[in-house]
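# Please find the sequence and the predicted model below.
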Amino acid sequence: MRTNWIAAILKYGPVILLAFLSFSPSALSQEVSVALLRPNAMEPAPMAPTPMVSTFQPATLPEAPSQHRFWDGENSLLFAASAAFSAADFVVTRDNLRAGGQELNPVTRVFSGTTTGLAINFAGETVGVVGLSYVFHKTGHHKLERAVSMLNIGSSAGAVAFDLVHR
């Protein structure tokens with residue numbers, strides 16, 4: 001009778017893992033800190049008396065650059081370009097699928113059965129770009145906020161160019 005060696009390993013796996021971890025060098029190298037044994041050694045040294053006490057003025061910090069609004073001119077232009085390239089990608093992909101081609105993107109392939117599904121995919125892509133840009137804007141990552149739109153524009157433009165070349 002053959003035994004299933006994987007089942008045997010899984011049966012004793014937790015015991016083997018515990019034994020391996022308990023004898024590993026990192027577990028054996030843990031030592032108690034000497035500073036924990038002598039807490040009085042952690043006290044600050046007494047200060048020597050100074051002949052004259054001086055006062056100081058706190059430094060003023062430079063003002064932070066003003067934060068831009070989310071719907072400023074640059075973001076509006078990027079979102080419009082992203083939506084335009086997504087619409088162009090939708091049109092070219094739909095025409096390519098009607099002519100007997102196939103969708104190469106595995107995510108879009110799920111929605112490529114109908115025109116409505118394909119339109120929902122590309123509209124969701126555009127909404128996702130705006131949403132992710134907003135998250136980056138709110139967390140202070142303003143370069144990433146704009147990079148998301150630029151990446152989407154580039155990928156949609158590449159897909160449109162690829163579909164037009166391979167008609």
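Looks like it came in fine. Residues are numbered from 1 along each chain as shown.
# host element of Gln57?
Under the criterion DSSP states H and E, no helix or strand holds Gln57.
# How about Val107?
Assigned by DSSP H and E, Val107 falls in helix 106-111.
# What of Tyr134?
With DSSP H and E as criterion, Tyr134 is part of helix 115-138.
# Just the buried positions in that helix, please.
For helix 115-138, burial by neighbour count (16 or more other C-beta atoms under 10 Å) applies to 118, 121-122, 125-126, 129-130, 133, 136-137. In short, each C-beta sits where N, CA and C put it, glycine included.
# With pLDDT and distance to Phe111 as added columns, please give the residues you listed in a markdown table.
Supplementary listing: the buried residues of helix 115-138 in a markdown table, determined by pLDDT from 0 to 100; distance: C-beta to C-beta, whole Å:
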| residue | pLDDT | distance to Phe111 |
| --- | --- | --- |
| Leu118 | 95 | 6 |
| Asn121 | 95 | 4 |
| Phe122 | 95 | 9 |
| Glu125 | 95 | 10 |
| Thr126 | 96 | 14 |
| Val129 | 97 | 17 |
| Val130 | 96 | 19 |
| Ser133 | 96 | 22 |
| Phe136 | 95 | 26 |
| His137 | 94 | 28 |
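# Which helix in this structure has the most residues?
helix 73-98 (DSSP state H).
# And it, what does it pack against?
On a contact count with 3 or more C-beta pairs under 8 Å, 6 or more residues apart in numbering; DSSP states H and E, helix 73-98 meets helix 115-138, helix 142-165.
# what does the helix holding Val107 rub up against?
93, 102-103, 117-118, 120-121 (C-beta atoms under 8 Å, 6 or more residues apart in numbering).
# where does this structure have low pLDDT?
1-56, 61-66 (pLDDT under 70).
# if we go to 80?
Applying pLDDT under 80 to the chain picks out residues 1-67, 167.
# Once you drop chain neighbours, what's closest to Val92?
Asp163 (4.2 Å; C-beta to C-beta, 6 or more residues apart in numbering).
# which of the residues in stretch 99-107 are buried?
Neighbour-count burial for stretch 99-107 [16+ other C-beta under 10 Å]: Glu103.
# No further queries at this time; thank you.
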